[in-house]
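Undergrad: starting from these lines, generate the structure:
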Amino acid sequence: MEIGLSRKLKFTRLIAITMGTPLASSVFLSITLICLTAGSLTNLIVGIVIATALVIMASLSYGELVSIYPSAAGNRVFLKRPFGDSIALGFSIMWVLIILGAAGVESFMVGNVLYFIFGTIPPIFWAIIILTIVLIINILGVEISGNFQLIVAFFVSLSLISVFIFSIFFVKTNYSQIPQSFNFISALSSSVIAVYFFLGFGRVTTLGEEAIDYKKGIPRAMPIALSIVSITFILGSIAIYEHVPAEILKTTYIPQIVLGNFILNGTPISLFIAVISVIMSFSAFNAGILGASRLIYALGREGTFPKFLGAIHLRFHTPYASLIFLYVVVLFIVIFVFTTGNYSLPILVAAGFDSFMYALISYSALWHHRKIEKTKIPFQVKGGSIIFSITSASYILLGVLLLLTSPLDVSLIIIFGTLVLVVFYYFFTRRKT
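TA: Numbering: from 1, shown residues only. Now for the predicted structure:
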């Protein structure tokens with residue numbers, strides 16, 4: 001009898017898992033970038049609102065696709081019919097690399113936060129401890145990791161919203177801000193960075209084989225989760241923009257801790273935010289590894305990757321081999337990020353790649369919406385053709401804008417990465433034929 005994944009994830013857990021990866025402590029580093037880029041509070045808010053609207057539209061694209069293909073392979077299956085197997089595989093691997101890069105940034109943040117709390121153990125060791133605990137949680141079972149995600153995601157969101165509301169409405173700003181003028185280009189540039197806020201929300205679609213109601217549960221969970229985290233990010237960006245001077249933002253790795261110091265001019269609130277940040281890192285690592293491991297497992301199961309990566313634990317029914325594989329790879333990336341100390345580059349690269357990925361996913365949803373019978377689409381988006389077209393075109397625009405406005409090294413990495421994928425498509429196609 002073949003051992004497979006088990007369906008245990010309920011609707012509330014799907015919401016929590018969708019929230020989990022975006023609710024990462026590394027988001028505070030991207031808030032730093034967006035505060036320095038926006039030029040005014042108006043541009044900042046408009047940029048995040050634009051990004052939120054587009055991400056929710058992208059989630060509708062994912063919703064239709066996952067209702068058709070409830071597969072652990074996720075993007076690989078979603079892109080296969082309209083783009084071909086080689087392109088689908090190439091961008092699926094790129095998707096995994098985005099996750100791993102984000103894990104490096106997250107480990108950098110959590111290491112520095114834990115060093116702020118305890119002060120003695122070097123940050124890199126804290127990052128390794130967190131990764132190890134998350135690995136164990138995921139091997140023990142998807143229901144355990146799902147319950148963990150449920151508790152953590154809602155606790156973190158409510159805690160952060162409370163702190164941000166208090167700082168915005170009840171704490172006086174102590175320095176002069178830039179006049180609140182509006183510039184469309186600055187707002188659009190801010191929205192490109194804000195895409196990183198939601199990085200990884202689509203990873204919940206790889207749990208289609210483990211969701212109790214994949215046909216409507218996952219499609220409905222994503223917009224709800226994204227709306228909640230959007231409120232959190234808007235309030236957090238306003239709070240940091242209003243209370244942390246730009247000169248300090250340019251030099252700190254832990255802007256949320258600095259915000260705590262500015263709110264009450266003391267340690268208690270900073271320590272509370274630090275603890276929340278650590279919990280956020282647990283949540284992000286858990287949700288990211290939970291989703292990425294399923295794709296690696298699916299590729300191993302089908303023989304594209306080594307067969308051992310498709311192994312399932314006999315007792316816990318989890319893809320333990322792919323989890324351990326990801327753990328080892330992330331460890332190498334953690335060492336690299338801590339050695340270089342450059343967090344802005346992986347954030348911008350991830351935002352750029354994610355923009356192009358969402359463009360492809362939206363086009364795939366448009367293709368399926370037009371090509372297959374409506375009776376074969378359990379979750380149908382009203383006005384889907386228009387929504388998917390606008391979403392795909394918008395993300396292409398954002399991706400190009402990021403290439404034009406980012407530092408040269410970011411643009412070169414995105415372009416080089418795309419060329420590598422093209423070469424990969426060619427050789428993979430030749431091998432298959």
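Undergrad: show me which positions of the helix or strand containing Phe233 end up buried.
TA: Counting by DSSP states H and E, the element that carries Phe233 is helix 217-243. Residues of helix 217-243 classed as buried by neighbour count (16 or more other CB atoms under 10 Å): 217-226, 228-230, 232-243. C-beta coordinates here come from the backbone N, C-alpha and C atoms, glycine included.
Undergrad: from the chain's centroid, how far away is that helix?
TA: Counting by CA atoms, centre = their mean, to the nearest Å, helix 217-243 is centred 13 Å from the centre of its parent chain.
Undergrad: grab the nearest non-local neighbour of Pro346.
TA: Leaving aside its sequence neighbours, Pro346 sits nearest to Gly101 (CB to CB, 6 or more residues apart in numbering; 4.4 Å).
Undergrad: now the closest residue to Ala351 other than its chain neighbours. Its backbone dihedrals?
TA: The spatial neighbour of Ala351 that comes closest, neighbours along the chain excluded (CB to CB, 6+ apart), is Tyr196 at 4.3 Å. Per-residue torsions, Tyr196: phi -60, psi -30 (degrees, to the nearest 10).
Undergrad: what is the neighbour count of Tyr196?
TA: Tyr196 has 29 neighbours, counted by other CB atoms under 10 Å.
Undergrad: residues contacting it?
TA: When contacts are counted by CB atoms under 8 Å, 6 or more residues apart in numbering, Tyr196 touches 27, 30, 347-348, 350-351, 354.
Undergrad: before we move on, back to that, list the buried residues of the first helix or strand past the helix holding Phe233 going along the chain.
TA: Going down the chain from helix 217-243, the next helix or strand is helix 246-249, by DSSP H and E. For helix 246-249, the neighbour count (16+ other CB under 10 Å) marks 248-249 as buried.
Undergrad: pLDDT (mean, whole number) over helix 246-249?
TA: In this model, helix 246-249 carries a mean pLDDT of 85.
Undergrad: hmm, who's touching whichever helix or strand comes after it?
TA: Downstream of helix 246-249, the first helix or strand assigned by DSSP H and E is helix 255-264. Residues from elsewhere that reach helix 255-264 (CB under 8 Å, 6+ apart): 25, 28-29, 31-32, 113, 116, 163, 166-167, 171, 174, 236, 239-240, 243-244, 248-249, 252, 269-274, 277.
Undergrad: residue ranges of the helices in the stretch 301-433 of the chain, please?
TA: In the stretch 301-433 of the chain, helices defined by DSSP state H, counting those that start in this stretch lie at 320-340, 344-371, 384-405, 408-432, listed in chain order.
Undergrad: make TSV from these and add distance to Leu158 and mean neighbour count to it.
TA: Listed next are those as TSV, based on distance: least, CB to CB, whole Å; neighbours: other CB atoms under 10 Å:
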stretch	distance to Leu158	mean neighbour count
helix 320-340	29	18
helix 344-371	26	22
helix 384-405	30	18
helix 408-432	34	14
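Undergrad: okay, and for the stretch 251-400 of the chain, where does confidence drop off?
TA: Where the stretch 251-400 of the chain drops to pLDDT under 70, the residues are 264-268, 283-291, 341-344.
Undergrad: and the nearest residue to Thr304 once chain neighbours are set aside, what's its pLDDT?
TA: Excluding its sequence neighbours, the residue lying closest to Thr304 (CB to CB, 6+ apart) is Leu89, at 6.5 Å. Predicted confidence (pLDDT) for Leu89: 77.
Undergrad: one more: Ile48?
TA: Value for Ile48, per-residue pLDDT: 92.
Undergrad: next one: Gly146
TA: Reading off the model, Gly146 has pLDDT 55.
Undergrad: pretty sure Ile390 is touching Met57, no?
TA: Yes. In this structure, Ile390 is within contact of Met57 by CB atoms under 8 Å, at 7.0 Å.
Undergrad: now the helices of the stretch 301-433 of the chain as TSV including distance to Ala187?
TA: Below are the helices of the stretch 301-433 of the chain laid out as TSV (distance: least, CB to CB, whole Å):
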stretch	distance to Ala187
helix 320-340	30
helix 344-371	16
helix 384-405	11
helix 408-432	20
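Undergrad: mind checking those for the one nearest to Ala53?
TA: helix 384-405 (9.0 Å; CB to CB).
Undergrad: can I get that closest one in CSV? Just the C-alpha atoms.
TA: Extracted as CSV, the C-alpha positions of helix 384-405 are listed here (Å, rounded to 0.1, in the frame of the first residue of the first chain):
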residue,chain,number,x,y,z
GLY,A,384,-11.9,36.3,-14.3
SER,A,385,-10.7,37.1,-17.8
ILE,A,386,-10.5,40.9,-17.0
ILE,A,387,-9.0,40.4,-13.6
PHE,A,388,-6.4,37.9,-14.7
SER,A,389,-5.4,40.1,-17.7
ILE,A,390,-5.0,43.2,-15.6
THR,A,391,-3.0,41.3,-12.9
SER,A,392,-0.6,39.8,-15.4
ALA,A,393,0.1,43.1,-17.1
SER,A,394,0.5,45.0,-13.8
TYR,A,395,3.1,42.5,-12.5
ILE,A,396,5.1,42.7,-15.7
LEU,A,397,5.1,46.5,-15.3
LEU,A,398,6.2,46.3,-11.6
GLY,A,399,9.0,43.8,-12.5
VAL,A,400,10.3,46.0,-15.3
LEU,A,401,10.1,49.1,-13.0
LEU,A,402,12.1,47.3,-10.4
LEU,A,403,14.8,46.4,-13.0
LEU,A,404,15.0,50.1,-14.0
THR,A,405,15.1,51.6,-10.5
